[in-house]
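*Asks:* my questions concern the predicted model and sequence given below.
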Amino acid sequence: MTQNRRHPLSALWHELNQAQDDFARWMGRMTGVTAGPELNVWEDEQNVYAESDLPGIDLAKLEVTVTGGNQLTVQGERAAPKIEGASWLRQERPFGKFVRVIALPSLVDADKVEAKYETGVLWLTLPKHEAAKPRKIHVKGV
Amino acid sequence: MSELVPNAAPAPPVAQARAATVTPRVDVLETEQEFLVLADVPGVKPEDVDIRFEQGEMTIHGRRPAGRDESPVDYHRTFAVAETVAADKITAELKDGVLTVRLPKTEAVKPKRIAVRG
């Protein structure tokens, strides 16, 4: 079952992530690294899931890392189309390096993360760390 | 048979999630031989792509199935195509969410090298 209940701190998470993105975007303007792709993140009792549209990425240049148990980094590079003797008539698709860093809603087990890339979409399953899983507490009668 | 045949009962509404229409981002390139259209359509499988060429217009359409808490996405974009394109030779390929459409030019407009005799 998916948990749809809002985390009491979710508004704060959102704010923090927003601030981080704004900062990344601002930094990107100076370094040529664009603030990365949009990520959808949700969770159930066992896992955190993340999904991102990354069409046409060379997997050799895609890197997914989890640091400190709850910081997810997705970075990579998309090459511009190189076609001999071609002239551009329209150029809308972004290319170049990108980095996206987000804070996950709970601690995850970085060793057990599963990543799948299909139809240009990256899917991540990040199993929650034991400490972050809900525990049923047995109540003893007196 | 003198009875009036009643109109067929209206078909029951099809249970279908409302799809969101999205204009995919495209690159268009031109070489001496052809035009190339590259479109980002993440989440679309080859069997869900429909490309039509009609009266000087090419329409690309791709359906992305509904994701979690999201409605399906219809990628849709129309292009005016020059008469110099050989419509019967248009080909398309979909890989990793990028659709590549090749529109070869007709023989008449391709540049030709004229040999000069000494």
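*Replies:* Cool, got the structure.
*Asks:* residue A:92 against residue B:23, yeah?
*Replies:* No. Under the criterion of C-beta atoms under 8 Å, residue A:92 makes no contact with residue B:23, lying 9.5 Å away. The C-beta positions use only the backbone N, C-alpha and C, and glycine is treated the same way.
*Asks:* just the pLDDT at residue B:62, thanks.
*Replies:* In this prediction, residue B:62 carries a pLDDT score of 96.
*Asks:* try residue B:87
*Replies:* Model confidence at residue B:87, given as pLDDT, is 87.
*Asks:* and residue B:28, bridged to which residues?
*Replies:* With DSSP bridges applied, the residues forming beta bridges to residue B:28 are residue A:90, residue B:37.
*Asks:* shaky segments in chain A?
*Replies:* For chain A, residues meeting the criterion pLDDT under 70 lie at A:1-9, A:21-35.
*Asks:* quick one, helices of it?
*Replies:* Counting by DSSP state H, the segments of chain A that form helices are A:10-31.
*Asks:* got the residues of chain B near chain A?
*Replies:* Counting by C-beta under 8 Å from any C-beta of the partner chain, chain B comes close to chain A at B:25-32, B:35-36, B:38, B:40-45, B:67-69, B:95-98.
*Asks:* just the buried ones from these, in ChimeraX syntax?
*Replies:* In ChimeraX syntax, the buried subset of these is picked out as below (16 or more other C-beta atoms under 10 Å in any protein chain shown):
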select /B:25,26,27,28,29,30,35,36,38,40,41,42,43,44,96,97,98
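*Asks:* leaving aside the residues next to it on the chain, what's closest to whichever residue of chain A sits closest to chain B?
*Replies:* Across chain A, no residue is closer to chain B than residue A:120, which sits at 1.7 Å (C-beta to the nearest C-beta). Of all residues beyond its chain neighbours, the one nearest residue A:120 is residue B:97 (1.7 Å), with distances taken as C-beta to C-beta, 6 or more residues apart in numbering or on different chains.
*Asks:* state the pLDDT value of that neighbour.
*Replies:* In this prediction, residue B:97 carries a pLDDT score of 96.
*Asks:* verify the stated contact: it with residue A:55.
*Replies:* Yes. Shown here, residue B:97 and residue A:55 form a contact pair, counting by C-beta under 8 Å, at 3.3 Å.
*Asks:* so what sits against both of the two?
*Replies:* Common neighbours of residue B:97 and residue A:55, counting by C-beta atoms under 8 Å, 6 or more residues apart in numbering or on different chains, are A:120, B:40, B:41, B:42.
*Asks:* who in chain A is up against chain B?
*Replies:* Where chain A comes near chain B, counting by C-beta under 8 Å from any C-beta, the residues are A:2, A:40, A:42, A:49, A:51, A:53-57, A:81, A:83-94, A:117, A:119-121.
*Asks:* now intersect those with the strands, please.
*Replies:* With strands taken from DSSP state E, the overlap with the residues of chain A next to chain B comprises A:40, A:42, A:49, A:51, A:53, A:87, A:88, A:89, A:90, A:91, A:117, A:121.
*Asks:* what sits opposite the third one in the beta ladder?
*Replies:* When you say that, I think you mean residue A:49. Assigned bridge partners for residue A:49, using DSSP bridges, are residue A:42, residue A:125.
*Asks:* so what's it up against?
*Replies:* Residue A:49 makes contact with A:41, A:42, A:43, A:123, A:124, A:125, A:126, B:68, according to C-beta under 8 Å, 6+ apart.
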